[in-house]
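Participant: build me a model from this:
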Amino acid sequence: MPFWFSAAPLPVLVVSHKEDRCPSTPAADADMLAAAFTASTRRQAVVVDALSNPNGDPCGPFSPHGFDEMDREVVNLLVEFVLRAP
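Facilitator: Numbers count the residues shown, from 1 in each chain. Next comes the predicted model:
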């Protein structure tokens, strides 16, 4: 991870999909990624799980990796995180 990521004193929300099959973004790494932001004022990892289309490119937008058909749920998570800011 680039140094400036871990040194950024900003709130961090990592959102991952349980069924993400993209090798670059496994859901199992969500907690570890959030924890890597050591200077963060607030960090949280959330793994969502919903029925999603497992077909096609596993790293594409129309798969669990792209939170296909989960726009509302993921945006709500983001908004709640931002609104809870100290």
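
Participant: where do the helices sit along this structure?
Facilitator: Using DSSP state H, the helices of the chain run over residues 3-7, 30-35, 71-83.

Participant: just name the most buried of the ones you listed.
Facilitator: Mean neighbours per residue, mean count of other C-beta atoms under 10 Å, is largest over the helices of the chain for helix 30-35, with a mean of 16. For the C-beta atoms, the positions are set from N, CA and C on the backbone; glycine is no exception.

Participant: so which elements touch it?
Facilitator: Here helix 30-35 touches strand 12-17, strand 43-48, going by 3 or more C-beta pairs under 8 Å, 6 or more residues apart in numbering; DSSP states H and E.

Participant: if we can go back for a sec, out of the helices of the chain, which gets nearest to L13?
Facilitator: helix 71-83 (4.5 Å; C-beta to C-beta).

Participant: show me what that closest one is packed against.
Facilitator: In terms of contacts (3+ C-beta pairs under 8 Å, 6+ apart), helix 71-83 is packed against strand 12-17, strand 43-48.

Participant: before we move on, back to that, redo the helices and strands packed on helix 30-35 as CSV? Include mean neighbour count.
Facilitator: Shown next, in CSV, are those (neighbours: other C-beta atoms under 10 Å):
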stretch, mean neighbour count
strand 12-17, 20
strand 43-48, 17
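
Participant: those strands: which one's closest to P61?
Facilitator: Among those, the nearest to P61 by C-beta to C-beta is strand 12-17 (12.0 Å).

Participant: contacts for that closest one next, please.
Facilitator: The contact list for strand 12-17, computed with C-beta atoms under 8 Å, 6 or more residues apart in numbering, reads 25-27, 29-30, 33-34, 37, 40, 42-50, 52, 64-65, 67, 70, 74, 77-78, 81.
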